[in-house]
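Trainee: sequence? don't have it. structure:
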């Protein structure tokens, strides 16, 4: 019980802190601060990686490696105009690209299928088919366009943060987004015919 209380207290101590403050503590070896960062960012990073690598175990491995790198490089981290969130996405993005270079991309499909209240099985089937079409269309996009779209639309990063992750200007990111949306729209319209 004492151990549980100490974990709860440590979590509450760090829960209100900004990511930058947590990283300063992690740089000094604070494991509780690192745990808080993992708690905040693990699920979105796995989801992000899953869109690239296509298999949940591989996405989990990528996220785990990203956090290992974060821990190992914490003393070198400096807030240089972009957030910790952008930095960890950049690490994850690079790891995904490395993984994809090793193998051919796989279309990702959501792991779990569930019916919402009042939804009929045929509605669920239609929704799943649409998700598969979107996933296939995303995989057809050039890698940089897909990355820009996933970072901004699916992961909710601002254009500034997404540009920092991709190491490009905001104008270049917006151009990639525009081309990605146009290509995705065209592909989806072709599959409807």
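Mentor: In hand now; what should we look at? Please read these numbers as outputs of a predicted model, since none were measured by experiment. Numbering: from 1, shown residues only.
Trainee: got the domain ranges for the chain?
Mentor: Residue ranges for the domains of the chain, per automatic domain parsing: 1-106, 118-193.
Trainee: can I get those domains in JSON lines with mean neighbour count and mean pLDDT?
Mentor: Glycine gets a C-beta too; all of them are placed from N, C-alpha and C. Below are the domains of the chain laid out as JSON lines (neighbours: other C-beta atoms under 10 Å; pLDDT from 0 to 100):
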{"stretch": "domain 1-106", "mean neighbour count": "16", "mean pLDDT": "81"}
{"stretch": "domain 118-193", "mean neighbour count": "16", "mean pLDDT": "81"}
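Trainee: which residues touch the spatially most central residue of the chain?
Mentor: With distances taken as C-alpha atoms, centre = their mean, the residue of the chain nearest its centroid is residue 48 (2.7 Å). Residue 48 is in contact with 89, 92-93, 96, 150-151, 154-155, counting by C-beta atoms under 8 Å, 6 or more residues apart in numbering.
Trainee: so which of these comes closest to residue 163?
Mentor: Nearest to residue 163 among those is residue 151, at 9.0 Å by C-beta to C-beta.
Trainee: tell me who's in contact with the residue lying closest to the closest one once chain neighbours are set aside.
Mentor: Spatial nearest neighbour of residue 151, excluding adjacent residues (C-beta to C-beta, 6 or more residues apart in numbering): residue 162 at 4.0 Å. Counting by C-beta under 8 Å, 6+ apart, residue 162 makes contact with 86, 148, 151-152, 173.
Trainee: now for those, which pair is the farthest apart?
Mentor: Pairwise distances across these (C-beta to C-beta) peak at 13.6 Å, for the pair 86 and 148.
Trainee: for the closest residue to residue 137 other than its chain neighbours, pull up the helix or strand it's in.
Mentor: Leaving aside its sequence neighbours, residue 137 sits nearest to residue 187 (C-beta to C-beta, 6+ apart; 4.2 Å). Assigned by DSSP states H and E, residue 187 falls within helix 170-192.
Trainee: residues in contact with that helix?
Mentor: Helix 170-192 is contacted by residues 133-134, 137-138, 140-141, 144-149, 152, 159-160, 162-163, 166, 168 when judged by C-beta under 8 Å, 6+ apart.
Trainee: surely residue 152 meets residue 160?
Mentor: No - the pair residue 152 / residue 160 is not scored as a contact, 10.5 Å apart, by C-beta atoms under 8 Å.
Trainee: so which of the contacts of residue 48 sit within helices?
Mentor: When those are checked against helices (DSSP state H), the matches are 89, 92-93, 96.
Trainee: got those residues as JSON lines, with distance to residue 36 columns?
Mentor: Listed next are these as JSON lines, based on distance: C-beta to C-beta, whole Å:
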{"residue": "89", "distance to residue 36": "18"}
{"residue": "92", "distance to residue 36": "18"}
{"residue": "93", "distance to residue 36": "22"}
{"residue": "96", "distance to residue 36": "24"}
